[in-house]
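1. Need a 3D model of the sequence below.
(2 chains)
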Amino acid sequence: MSERVVISPTSRQEGHAELVMEVDDEGIVTKGRYFSITPVRGLEKMLTGKAPESAPVYAQRICGVCPIPHTLASAEAMDDSLGIEIPKAARQLRELTLAAHHINSHAIHQFLIAPDVVPDDLMVTAINSVSEIRKTVQMVVDIVAGEGIHPSDIRIGGMASNISEVARKRLYARCKQLKPKLDAHVELIIGLVADKGFPEGLGVTNAPTLATDILYGNRENFDLDRFTEIMPESWFDDPEIAKRACSTVPLYDGRNVEVGPRARLATYGDFKERGVVAQHVARALEMKTALSKIIDTLAELDTSAPVMADFDIRGTNKLGVGAIEGPRGMDVHMAQVANGKTQFYSCLVPTTWNIPTMGIATEGFHHEFGPHVIRAYDPCLSCATHMIVIDDEDRSILKDEMVRI
Amino acid sequence: MVLGTYKEVVAARSTDKQIQKIAQDGGIVSGLFCYALDEGLIDGAVVAGPTDVMWKPEPMVAMSSDEILAAAGTKYTFSPNVWMLKQAVRQYGLEKVGTVAIPCQSMGIRKMQSYPFGVRFLADKIALTLGIFCMENFPYESLRTFISEKAGVDFDLVEKMDIGKGKFWIETADQTLTIPLKETHGYEQNGCKVCLDYVCELADVSTGSVGTPDGWSTVFVRTDAGETVFKQAVEAGLIETKSMDDVKPGLGLLEKLATDKKTKAMKVIDERKAMGLPVPYKGSSEKEDPLANI
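-> Numbering: from 1, shown residues only, chains lettered A, B, ... in the order given. From the prediction side, this is the model:
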């Protein structure tokens, strides 16, 4: 006899989603479906027809959890569409911003999973550790990108300004000081996740991993031809769920994929493990990679170098792609600019890629582990929710049951 | 209290000969900033720096005594220092920022610190606000117009400007000209007409020439932060002080001028309120003390 366990909304994640699990008599999940029920943002439609400079400003407001990858992906997409080669120092500043954000965002996730893995007597230690790390890395974002949450200084063509030499030295010293603390933190988290004793094989799927770079993102490694997007109706076998799901299902080579820290480490490193524990470990290890990247970049940065390229804002209608590795996975923005206005804009965001995989990942274990599997992906749904209303070909309305804007 | 709250008021001047030579009056702002920078009490200050255009200041982040001294002296037109504060803590990476402000700017800074909307992690990094007395401020074009038309002197030749004894003083290399202050009325910024603050009541330390003899400044020490810096600078021998009772014309003149400014502004506020115009202050009937700066 099959029974249905529904968790709605799933907790300790950004946005609202529903986890529907079919379970057998023993409570083992036989079929898992995870889908977003977050209302539509519709930013892509808002951007169409606006000046290209608006794109990073709007796109970063998709969500306050990872605004930095969105800003960067948006600026990179515009750079690509307008044929801009940004100066070296600008690229370094962007890399600094993203690496610092990786650490910050991973630390927030570790705070969210703390009730799952941290015993009561270590809770204060773990939370203080998270806070201290965030304080330092957010300072990097504040100074380098102008604003900690919605960075104002990441611009099309580079960055608004370089940082001062005093700021560079100060950040370098702070990040060096952070290193032993971060190492201890990573060790603590990996240890606690291991101590939790998740069952062997929890969350393992056959989904291939998709990543464009080890940390920053590289548009060369994202092949648009291998990407397809299908409607929830074609993916979910339950029509009721398909009707309520708010996001499209992106496929790469026709398959659902996994993106995120584990995917990056598996694609560009020799990380072999799969499943929930592996995801937590990969995320923690990535904090170390990011911090050493910050320290190296700060050591090399020339604070007197130019950070803004010359460019023609009118555009040639080239399809620009910006691929950024966000904390939760690959974030691709696509943009076309012609006559000085954005003609087309689209965001392919990390959690959208993970959504079809996450449901499947809960299968084969007791449904009580379901939320742990979901949280291991660190889903963030605001940006993953898309308008799927109009057919691009004939502009006819395909589906308008969701939200009308 | 027309002079705001303060812990102490003294007549003071910088003992540094170089500062005395270039400063407007007693060199208090330059002296205190140089001291605070050298002692690490602040790691930079947003000041009204010089530009290519004479007498048109622009905010700059000074991180050494030399840069502070390059910005010494009063400019009678606006330098939007508050605007630069964010850059000082972001791109410049400062954590203890000092700034010099006229009353309206110090009001803005205090308001920003109370409601840090859009200025995350900035409010707590403002370590020292030095205020300067201000009766009114002239837009750059106003200043240029009345100096070249009323005083008949080329703007570029002006070496120093000052306000005192009811006159606007203009010094060039070979002559000293004056314009009666009455004739400058109408050239000031519109906001000055409703401003209730003469002696920068919200700064940590506020200073100006009025009340003390030439070469000296009146200094109000208002907050703990201001007291710390000022006392240390006096103890270090960088600033010498005299009691206000021993100098002419003394606090009486300041009280008179502050009362005049407030009374005049209150009248304008009440008039504007009666017309239904938006004014960022309470009308005289809405507050206990009509001369309070609220």
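2. correct me, but A:Ser331 touches A:Thr351?
-> For the record, residue A:331 is Asp, not Ser. No. With contact defined as C-beta atoms under 8 Å, A:Asp331 does not count as touching A:Thr351 (9.6 Å). In this view, the C-beta of every residue, glycine as well, is placed from N, C-alpha and C.
3. Would you map the helices across chain B?
-> B:17-22, B:28-38, B:65-70, B:81-89, B:103-114, B:140-145, B:181-184, B:224-235, B:251-274 (DSSP state H).
4. closest one to A:Thr362 among those helices?
-> helix B:81-89 (45.7 Å; C-beta to C-beta).
5. For the closest one, buried residues please.
-> B:81-82, B:84-89 (16 or more other C-beta atoms under 10 Å in any protein chain shown).
6. try stretch A:12-29
-> In stretch A:12-29, counting by 16+ other C-beta under 10 Å, buried: A:13-23, A:29.
7. and A:Met330, how far is that from chain B?
-> Using C-beta to the nearest C-beta, to the nearest Å, A:Met330 is found at 29 Å from chain B.
8. where does chain B dip in pLDDT?
-> Nowhere does chain B drop to pLDDT under 70.
9. Smallest distance to chain B belongs to which residue of chain A?
-> Among all residues of chain A, A:Ala167 sits closest to chain B, at 2.5 Å; criterion: C-beta to the nearest C-beta.
10. wait, what's in contact with the nearest residue in space to A:Gly329 that is not next to it in sequence?
-> In space, A:Gly329 comes closest to A:Val259 once its chain neighbours are excluded; the distance is 2.8 Å by C-beta to C-beta, 6 or more residues apart in numbering or on different chains. Applying C-beta atoms under 8 Å, 6 or more residues apart in numbering or on different chains to A:Val259 gives the contacts A:209-211, A:328-330, A:350, A:353-354.
11. ok, now with 6 Å
-> A:Val259 makes contacts with A:210, A:329-330, A:350, A:353, as judged by C-beta atoms under 6 Å, 6 or more residues apart in numbering or on different chains.
12. now do B:Thr241
-> With C-beta under 6 Å, 6+ apart, B:Thr241 has these contacts: B:10, B:12, B:234.
13. who does the first one bridge with?
-> Per DSSP bridges, the residues bridged to B:Val10 are B:Val219, B:Ser243.
14. Look up which helix or strand A:Val337 falls in, please.
-> Using DSSP states H and E, A:Val337 maps to strand A:329-338.
15. got a list of contacts for that strand?
-> Contacts of strand A:329-338 (C-beta under 6 Å, 6+ apart): A:52, A:69, A:73-74, A:77-78, A:81-82, A:211-212, A:222, A:259-260, A:315, A:317, A:319-324, A:343-350.
16. Please save the CA atoms from that strand in CSV.
-> The C-alpha coordinates for strand A:329-338 follow below in CSV (Å, rounded to 0.1, in the frame of the first residue of the first chain):
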residue,chain,number,x,y,z
GLY,A,329,25.5,26.1,-8.4
MET,A,330,25.8,27.4,-11.9
ASP,A,331,24.0,30.6,-12.5
VAL,A,332,23.6,31.5,-16.2
HIS,A,333,22.1,34.8,-17.3
MET,A,334,21.5,35.4,-21.0
ALA,A,335,21.0,38.8,-22.6
GLN,A,336,20.6,40.5,-25.9
VAL,A,337,21.2,44.2,-26.4
ALA,A,338,20.3,46.1,-29.5
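17. so how far is that strand from its chain's centroid?
-> Centroid separation for strand A:329-338 versus its chain: 14 Å, with C-alpha atoms, centre = their mean, to the nearest Å.
18. which parts of it are buried?
-> Buried residues in strand A:329-338 (16+ other C-beta under 10 Å): A:329-337.
19. Then stretch A:216-236?
-> A:216-217, A:219, A:222, A:227, A:232-233, A:235-236.
20. Go ahead and name everything in contact with stretch A:45-63.
-> A:41, A:43, A:67, A:70-71, A:74-75, A:78, A:150, A:337, A:341-342, A:345, A:382-383.
21. follow-up on the earlier one: give me the buried entries from the contacts of strand A:329-338.
-> Buried among these by 16+ other C-beta under 10 Å: A:52, A:69, A:73-74, A:77-78, A:81-82, A:211-212, A:222, A:259-260, A:315, A:320-324, A:343-350.
22. Could you pick out which of these are located in strands?
-> A:320-324, A:343-348 (DSSP state E).
23. which residue does chain B bring closest to chain A?
-> B:Gly93 (2.5 Å).
24. That residue is in contact with A:Arg170, isn't it?
-> Yes. Between B:Gly93 and A:Arg170 there is a contact at 5.0 Å, judged by C-beta atoms under 6 Å.
25. of these two, who's got more company?
-> More neighbours surround B:Gly93 than the other of B:Gly93 and A:Arg170, with 24 against 20 (other C-beta atoms under 10 Å in any protein chain shown).
26. does the nearest residue to the more buried one once chain neighbours are set aside sit in a helix or strand, and which one?
-> Closest residue to B:Gly93 apart from its sequence neighbours, by C-beta to C-beta, 6+ apart: A:Ala167 at 2.5 Å. Element membership for A:Ala167, per DSSP H and E: helix A:165-196.
27. what lines up beside the next helix or strand after that helix in the sheet?
-> Once the chain leaves helix A:165-196, the next helix or strand it forms, by DSSP H and E, is strand A:227-230. Applying DSSP bridges, strand A:227-230 is found paired with strand A:249-252 (antiparallel).
28. before we move on, back to that, now which of the contacts of stretch A:45-63 would you call buried?
-> Of the contacts of stretch A:45-63, these count as buried by 16+ other C-beta under 10 Å: A:41, A:43, A:67, A:70-71, A:74-75, A:78, A:150, A:337, A:341-342, A:345, A:382-383.
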